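Engineer: Sequence and predicted structure are below.
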Amino acid sequence: MDVSPAEVNRQIAREGKRHGLFPLMENGRCFVAQKERFVVDGPLFSMASEELVSICSVNANAPLSNVWKSRKAREDFDSVRVYQEANLRRKMAERVALDERHRERVKELKRVERLYGVDEVKAAFAEARARGLVKMGRT
């Protein structure tokens, strides 16, 4: 006995709801879909969009229980997660580089203070700041 696509559609809607699955009909066939987020990089800003992406087709020969294996394989290649992890690694590397530059500047300032004296260096910085040549802060 063949199960109708409408019945498969109802089964996915009922059983897959708690797992974030949705029925998707394409070309008379029923597919199981899940919502996935995509990052679209633009020239001024990045935007995240959410779309239904089909996981696999479902019929009497391939029941809903086969979806979990396919879904697990897809999660290994989740592009949003990979993008976020790469972005986090990049930000951490930038932070480490910023800290390193700060340490080098402090070290150089200490060396200059030893050579010329603290009062000389403070006077030189005050003069440079008055002319707008130096701005304060960690850069």
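Structural biologist: Perfect, I can see it now.
Engineer: Show me how the record splits the protein into domains.
Structural biologist: According to automatic domain parsing, the chain comprises the domains 5-77, 87-131.
Engineer: center of the chain, which residue is that?
Structural biologist: The centre of the chain sits closest to Gln84, judged by Cα atoms, centre = their mean, with a distance of 2.0 Å.
Engineer: Correct me if wrong, but it is in a helix.
Structural biologist: Yes: under DSSP: H, G, I helix; E, B strand; the rest coil, Gln84 falls within a helix.
Engineer: Neighbours of Ala124, how many?
Structural biologist: Other residues within reach of Ala124, judged by other Cβ atoms under 10 Å, total 13. Glycine gets a C-beta too; all of them are placed from N, C-alpha and C.
Engineer: If you could redo that for Arg131, that was the one I meant.
Structural biologist: With other Cβ under 10 Å as criterion, Arg131 counts 8.
Engineer: Would you check how far apart it and Glu94 are?
Structural biologist: Distance of Arg131 to Glu94, computed by Cβ to Cβ, to the nearest Å: 30 Å.
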